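>>> would you be able to build a 3D model of this:
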Amino acid sequence: MSARILVIDDEEPWRLSLADTLQREGFEVVGVSTAAEALSIVQSANFDLLILDVRLPDKDGYDVCLEIRKRPAYVPIIMISGVKKELVDREIGLRLGADYYFEKPTDPREILAQVRALLRMTSALKSSGESDGWLEVDEQLRINFRRRLVTLADKIVELSPQEFELLGYLVKHAGTPCTREDIVDNVWGAASAEEVSDAAINTMIARLRQKIEPDPHTPRYILTVHRWGYKFRAL
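Residues are numbered from 1 along each chain as shown. The predicted structure is shown next:
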């Protein structure tokens, strides 16, 4: 069965173009233009992923995201900003529970790639057989994005908020190399790539490996991609 995606955006040409891209890839797509329509339809229908515009005519996309995150079932949310991206707006969206944040204009194929990555993650979560939000990476490592918890060999791993953001970003792109610029933009928030040194990124990766890897000297989960960056093992 193909995944069902809800696109919430009041710009009809953009919404139809994105829907067309997704449908050509086999996804079932429903489009709405207001927050009220979105919140109404998610009450009566199940979706595998939401693509949500920040600026809606009746309510902010942030409010919609917050309402969705109050529900017990986890569904990935990609937020889209129709104005020039402001780092504060992006940080708000991610803190409210969005899984990814794009700025218009964005090539629909980039959004498609992110849709696939998030659906792979949720598929792995469901196949783990857990009903309480845990993603079972393997017999050692488990992650709960809703509760922001990580366990290794059934022991809770204490991560700082930024370490959890880094782990979450890598896991949501599992199997895909992430550049240092990607990591800075999506984990450091208000900082620019020029303000965060390679040494700072390497230090955080090393610290995260010390906490979640059974053997940090031979990483099982966070892999180095030579001359590129890092990637989380494929789920």
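
>>> number of residues surrounding T179?
Using other C-beta atoms under 10 Å, T179 is surrounded by 13 other residues. (Each C-beta comes from the backbone N, C-alpha and C, glycine too.)

>>> what bridges to the nearest residue to it once chain neighbours are set aside?
Spatial nearest neighbour of T179, excluding adjacent residues (C-beta to C-beta, 6 or more residues apart in numbering): G229 at 4.4 Å. G229 forms beta bridges with T179, V225, as assigned by DSSP bridges.

>>> distance check, L16 against N186.
Per C-beta to C-beta, to the nearest Å, L16 is found 28 Å from N186.

>>> those two: which has the busier surroundings?
N186 (20 against 14).

>>> so the more buried one belongs to a helix, correct?
Yes. Under DSSP: H, G, I helix; E, B strand; the rest coil, N186 sits within a helix.

>>> quick check: it touching L170?
No. The pair N186 and L170 fails to qualify as a contact (C-beta atoms under 8 Å) at a distance of 9.8 Å.

>>> returning to that earlier point: how close does the residue nearest to T179 get to L208?
14 Å.

>>> circling back to that earlier point, for the residue nearest to T179, give me the pLDDT.
Note on G229: pLDDT of 91.

>>> contact partners for it?
Shown in contact with G229 (C-beta atoms under 8 Å, 6 or more residues apart in numbering): 177-180, 182-183.

>>> again, but for S33
By C-beta under 8 Å, 6+ apart, the neighbours of S33 are 8-10, 12, 15, 56-57.

>>> narrow those to just the buried residues.
Among those, those classed as buried by neighbour count (16 or more other C-beta atoms under 10 Å) are 8-10, 15, 56.

>>> quick one: which of the residues you listed is nearest K104?
Taking C-beta to C-beta as the measure, D9 is the one of those closest to K104, at 9.4 Å.

>>> what's near enough to touch the nearest residue to Q210 once chain neighbours are set aside?
Leaving aside its chain neighbours, Q210 sits nearest to P216 (5.0 Å; criterion: C-beta to C-beta, 6+ apart). By C-beta under 8 Å, 6+ apart, the residues touching P216 are 206, 209-210.

>>> next one: the residue minimising distance to the centre of the chain from G168, what distance?
Against the mean C-alpha coordinate of the chain, by C-alpha atoms, centre = their mean, the closest residue is D99 at 2.7 Å. Distance, D99 to G168, by C-beta to C-beta: 8 Å.
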